[in-house]
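> okay, sequence plus prediction incoming.
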Amino acid sequence: MSDDLTKRGPQDASKVNIHEEWELAYWSKKFGVTKEKLIQAVKAVGVGAAAVGKHLGHNG
């Protein structure tokens, strides 16, 4: 199954995908951090969006 490039958000909003450039940009903007900081957060706590957000100091 190929990606639907018309969608603006991630395919699975519960997981942070740092392997697709557009998703990396999406999550970086969502959490207000650099791509490098986002990658570090994923390496520290895993791909769960809630865990990454919490690690980065976001409550929601």
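Sure thing, it's come through. Numbering: from 1, shown residues only.
> shaky segments in this structure?
1-8, 60 (pLDDT under 70).
> let me know whether residue 33 touches residue 56 as I believe.
Yes - counting by C-beta atoms under 8 Å, residue 56 is a contact partner of residue 33 at 5.9 Å. C-betas here are computed from N, CA, C, even on glycine.
> shared neighbours, those two?
Common neighbours of residue 33 and residue 56, counting by C-beta atoms under 8 Å, 6 or more residues apart in numbering, are residue 41.
> just how off-centre is stretch 30-38 within its chain?
8 Å (C-alpha atoms, centre = their mean, to the nearest Å).
> what residues sit buried inside that stretch?
30, 31, 33, 38 (16 or more other C-beta atoms under 10 Å).
> can I get those in a markdown table including secondary structure?
Formatted as a markdown table, the buried residues of stretch 30-38 follow (DSSP: H, G, I helix; E, B strand; the rest coil):
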| residue | secondary structure |
| --- | --- |
| 30 | helix |
| 31 | helix |
| 33 | coil |
| 38 | helix |
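> thanks a lot, catch you later.
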